[in-house]
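Asker: let me see the structure of the following:
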Amino acid sequence: MKYSFKFNPQLNENEIVIEHNADDQLITDLHQALAKQQRAHKTLKLFYNDEQIFLNVNDILFFETDNNKVYAHTNTYAYESDYKLYELIESLPEHFIRISKSTICNTQYVLAISRYLSSSGTVKFKNSVKTVYVSRLFYNELKASLEKRSLL
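Answerer: Numbers count the residues shown, from 1 in each chain. Model (predicted):
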């Protein structure tokens, strides 16, 4: 396989073209890697008071529903979103996972998880006082995701 990079200052947006002559695992892997990279740099249009805010998804700790509205939480603010949770989970990078019926969490910011005997647990975030609940149904998936990111 050969590849090349060409600089074109006349492009308004970067474009990657892959030409291939057959289905190949390498092509599939490249496609998935590019899609993953593109999701990681996605910007969402959110609202704070009367302003439209364009925020990189990697700046978001978690998404949460409240009174039929979805909010994107950062360390300091909560921004209103026009998106539904099911739309977000399909388009966010893989380090965002569902942790309850009403919450999607960015596992890159998780500092600690606690589990209660009765049912749910809590998630604490780095550099933030915010916490969210993780339901019993999603706790093991969250724990496994966090264990994957640890070195030992």
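Asker: when you work out contacts or count neighbours from here on, use the C-alpha atoms and nothing else.
Answerer: Noted.
Asker: the strands in this protein, which residues?
Answerer: According to DSSP state E, the chain carries its strands in the segments 43-48, 51-56, 62-66, 69-73, 78-81, 96-100, 103-106, 110-115, 121-125, 131-134.
Asker: parallel or antiparallel, list what pairs with the last one.
Answerer: Going back to what we said before, that points to strand 131-134. Strands that pair with strand 131-134, judged by DSSP bridges, come out as strand 121-125 (antiparallel).
Asker: for this structure, which residues score under the pLDDT cut-off?
Answerer: 1, 3, 31-41, 117-119, 151-152 (pLDDT under 70).
Asker: try it again with 90
Answerer: The chain contains residues with pLDDT under 90 at 1-43, 90-95, 115-120, 136, 140, 147-152.
Asker: what residue of this structure is the furthest out?
Answerer: Asn21 (33.5 Å; CA atoms, centre = their mean).
Asker: about what we covered before: can you list the strands of the chain in CSV and add distance to Phe5 and mean neighbour count?
Answerer: Output for the strands of the chain, formatted as CSV (distance: least, CA to CA, whole Å; neighbours: other CA atoms under 10 Å):
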stretch, distance to Phe5, mean neighbour count
strand 43-48, 26, 16
strand 51-56, 27, 14
strand 62-66, 37, 20
strand 69-73, 37, 20
strand 78-81, 37, 20
strand 96-100, 32, 22
strand 103-106, 33, 23
strand 110-115, 38, 15
strand 121-125, 40, 19
strand 131-134, 45, 20
